[in-house]
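> Using only what follows, build the 3D model:
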Amino acid sequence: MDQNGMDELEMIDADSQKVASMLSALPRVEAPANFEFRVKAGVAKGKPSDSVFLPLLKTAAPLALILVVVTLGFLYYQKPAETQGDPTGSMSMTAPVSPQTQIQPLPVSTAAAQPPQDTTPVKEERASKERVAQPARSANPTSNNRAEGNSKELILHPARVIMPPGTESANPQNRTANTSPSSSTDTPVREVLEIFGVEGEFADGGWKVLSVKANSIGSRAKLAVGDVIESIDGQQIKSDTKLKSVKSFTIRRGGKTLTLSAGN
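A predicted model of the protein is given here:
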């Protein structure tokens, strides 16, 4: 054995000698007579005892699971029967209400029927105006319109075609004018515009267009509502201006001055 091994043994022996001397210094006490019995009893008491509820739990858990499944299945098949019974009950409850929904529109229908009664006088007035205006169109010689439809000049005959029939019969000069297409009597601007199917009023230094009839000469000349007719054939018109023929209109539209041909 080398020197290191010898040194270790000497150190161990020195330690054991110290421990032995300490143990020998302790006082000796005799163990009680029932020491072994107490030790065995303590060991036996430390063992976990078998639980009483564990076997019951093993049996009760599957039973509880089966009971839950059966209950859910019963409730699932019970609900369709209840829902099938509800629509019949709801239909029986809503059936008496259906006559009320049919009665409610009756006052609305009577109220909706009243406005046409108020508008009938307006329709009759418009119809009377159209009847008065129709002779005016038929009184104009159609031969001149057809012959000069593609020209740039529209000859105005002096017949008072816009005036009511009673007024024309009271004025023999008008009757002679109607029978003489070659008469050179001038026509007022208002009547000229009416022949063109245009309704206007004198304002803002010219004749302002209030309405233009569809498919009329004025609509074909591209006159529009809001235009201000300043001159016709280069002649500035006023409220009492009279004309013999119409070739073109000079209008003011949206701040711009335009010239429209009357023969379009």
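
> show me where pLDDT drops low in the protein?
The chain contains residues with pLDDT under 70 at 1-10, 12, 47-52, 80-185, 263-264.

> can you pull out the helices in it?
Along the chain, the segments classed as helices by DSSP state H run 3-25, 35-46, 53-94, 98-103, 105-113, 115-139, 142-147, 165-170, 172-179, 189-195, 217-220.

> So which other helices or strands are in contact with the last one?
It refers to helix 217-220. With contacts defined as 3 or more CB pairs under 8 Å, 6 or more residues apart in numbering; DSSP states H and E, helix 217-220 has these neighbours: strand 206-212. The way it works is simple: take the backbone N, C-alpha and C, and place the C-beta from them, glycine included.

> Outside of the strand it packs on itself, list whatever touches it.
Contacts of strand 206-212 with the rest of the structure, by CB atoms under 8 Å, 6 or more residues apart in numbering, involve 189, 193, 197-202, 218-219, 223-231, 237, 251-252.

> Let's see that with 6 Å instead.
By CB atoms under 6 Å, 6 or more residues apart in numbering, the surrounding residues in contact with strand 206-212 are 198, 199, 200, 201, 218, 219, 223, 225, 227, 228, 229, 230.

> Count the residues that sit near the second one.
Around residue 199 there are 15 other residues, counting by other CB atoms under 10 Å.

> Next, the contact list for it, please.
210, 211.

> what's across from it in the sheet?
residue 211 (DSSP bridges).

> Tell me the spacing between it and residue 234.
From residue 199 across to residue 234, the span is 24 Å (CB to CB, to the nearest Å).

> likewise residue 203?
21 Å.

> try residue 60
Noted for residue 60: a distance of 116 Å to residue 234, by CB to CB.

> repeat for residue 220
21 Å.

> So between these two, which is more surrounded?
Just comparing residue 220 and residue 234: by other CB under 10 Å the higher neighbour count belongs to residue 220, 17 against 9.

> now the more buried one: how far from residue 261?
To residue 261, residue 220 is 10 Å away according to CB to CB.
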